[in-house]
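S.K.: okay, here's the prediction I keep looking at, along with the sequence it came from:
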Amino acid sequence: MLVFYFIFFTTVKGFLLNNQQSNGGQNLPTNQYMKLSKFYEEEKRLQQKMENLQLDTFTLRHDMDNSFVLLTAQLQEKLELLDTKLSDITKINETLQDVLKIEEKYKSVNLSYNKLKNENTILQNKYNQVLTELQLVTNKTKQLDN
């Protein structure tokens, strides 16, 4: 089949256009032929357009790939920064929890201290009362001995 087209195109100098075709309401003259050179010229022009479109497509794909790589790198950098900040916040949170525990212990110790201080005051008062009573008893005993 390819051989037939090759022989056909080498012997024919043009193409017969459809004589029933109209151009904007005007009928074309009958037996109008398109020259083979014009056909090849148009085919070459279309081929160049396709090559340009392929080149543009390739360039666009390349640019999109580069943009994608750049955006991916930027996103990765931001995610790493967020991970770092999150770990810092976690450390700060753990430190704050430790501080809160220490504050609770401090309050508990302070409460125990105040309780013991009150008990000590009570005991000192009782001791002073006992001393006073002892002094009274001693004085009465001395008076009775005299």
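M.R.: Sure, I can see it.
S.K.: C-alpha only now, for contacts and for neighbours.
M.R.: Fine.
S.K.: how many neighbours does residue 34 have?
M.R.: By other CA atoms under 10 Å, 13 other residues sit near residue 34.
S.K.: if it is in a bridge, with which residues?
M.R.: residue 15 (DSSP bridges).
S.K.: can you give me the pLDDT of it?
M.R.: As predicted, residue 34 sits at a pLDDT of 72.
S.K.: how about the one 3 residues further on?
M.R.: Model confidence at residue 37, expressed as pLDDT, equals 84.
S.K.: which SS state does it fall under?
M.R.: With DSSP: H, G, I helix; E, B strand; the rest coil as the basis, residue 37 sits in helix.
S.K.: now it: how far from residue 44?
M.R.: Using CA to CA, to the nearest Å, residue 37 is found at 10 Å from residue 44.
S.K.: for stretch 136-144, list every residue counted as buried.
M.R.: For stretch 136-144, a neighbour-count test (16 or more other CA atoms under 10 Å) marks nothing as buried.
S.K.: now do that stretch, average pLDDT.
M.R.: Mean pLDDT, stretch 136-144: 90.
S.K.: got the CA positions of that stretch in CSV?
M.R.: The C-alpha trace of stretch 136-144 is given here as CSV (Å, rounded to 0.1, in the frame of the first residue of the first chain):
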residue,chain,number,x,y,z
LEU,A,136,3.7,27.1,141.5
VAL,A,137,4.0,23.6,143.0
THR,A,138,7.7,24.2,143.8
ASN,A,139,6.8,27.5,145.5
LYS,A,140,4.0,25.9,147.5
THR,A,141,6.3,23.1,148.5
LYS,A,142,8.9,25.6,149.7
GLN,A,143,6.3,27.4,151.6
LEU,A,144,5.2,24.3,153.3
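S.K.: which strands and helices sit next to the one helix or strand residue 128 maps to?
M.R.: Element membership for residue 128 (DSSP states H and E) is helix 36-145. Counting contacts by 3 or more CA pairs under 8 Å, 6 or more residues apart in numbering; DSSP states H and E, helix 36-145 packs against no other helix or strand.
S.K.: ok now that helix, how far from the chain's centre?
M.R.: Computed by CA atoms, centre = their mean, to the nearest Å, the chain-centroid distance of helix 36-145 equals 19 Å.
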